[in-house]
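> Could you look at this predicted model? Sequence included:
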Amino acid sequence: MKLIIKCKDCRNEIDSPYKASTRINIVQKFGEEFEIKCPACNSTNTYEVDDIRAVDYSFGELVQNRIAVFLVIMAVTFVLGFFLIGTGVGIITSIVSALIAIILFKNNNSGKNLTFNKHKVKGRMSNVGA
């Protein structure tokens, strides 16, 4: 899950400094407010945890983040296809299985993003960490 914050001044997307599966986890570990300096406009603003949004990874980011998983899937399916059916089928099977894995990862992330974005903390966490 990719977490971003939009700059209050220039609306540039900034990667969140915190990684967690829920906003409540972020509040418990780091507090409700934090400051970030925008790399685009160099302004420093204060943000709340509810300003963080979860977005889908692009195709390139997804492949880059999961490259080891995709390489293992491709290697295993290629070897199985090569020994069971032949070289051409092994290559096709490994490519198709990697694409299926990418689609499944993307669908799984979309559900997590929806859950993260739906549950805000404003007014719910008044005494966390006290």
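Looks like it came in fine.

> doesn't Glu35 fall inside a strand?
Yes - with DSSP: H, G, I helix; E, B strand; the rest coil as the criterion, Glu35 is part of a strand.

> Quick check: beta-bridge partners of it?
Thr46 (DSSP bridges).

> is it true that it touches Ser43?
No - applying CB atoms under 8 Å as the test, Glu35 and Ser43 come out as separate, 10.6 Å apart. Bear in mind the C-beta positions are built from the backbone N, C-alpha and C, glycine included.

> Comparing these two, which shows the higher neighbour count?
Between Glu35 and Ser43, Ser43 has the larger neighbour count (other CB atoms under 10 Å), namely 13 against 9.

> moving C-terminal of the helix or strand of the chain with the lowest mean pLDDT, what's the next helix or strand?
Least confident helix or strand of the chain, by mean pLDDT, DSSP states H and E, is helix 59-65 with a mean of 71. Per DSSP states H and E, the first helix or strand lying C-terminal to helix 59-65 is helix 67-84.

> Which stretches in the protein count as helices?
Under the criterion DSSP state H, the chain contains helices at 23-30, 59-65, 67-84, 87-118.

> what's the most buried one of the ones you listed?
helix 23-30 (a mean of 17; mean count of other CB atoms under 10 Å).

> Tell me the gap between that helix and the middle of its chain.
Computed by CA atoms, centre = their mean, to the nearest Å, the chain-centroid distance of helix 23-30 equals 17 Å.

> relative to helix 87-118, how tilted is it?
Here helix 23-30 runs at an angle of 80 degrees relative to helix 87-118 (axes from the mean of the first three to the mean of the last three CA atoms, to 10 degrees).

> relative orientation of helix 23-30 and strand 33-37 in degrees?
80 degrees.

> hey, C-alpha coordinates of helix 23-30 in CSV?
Output in CSV follows, covering the C-alpha atoms of helix 23-30 (Å, rounded to 0.1, in the frame of the first residue of the first chain):
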residue,chain,number,x,y,z
ARG,A,23,-4.3,5.2,10.6
ILE,A,24,-4.8,4.1,14.2
ASN,A,25,-1.4,2.3,14.1
ILE,A,26,0.3,5.5,12.8
VAL,A,27,-1.3,7.5,15.7
GLN,A,28,-0.3,5.0,18.3
LYS,A,29,3.4,4.9,17.1
PHE,A,30,4.0,8.5,16.0
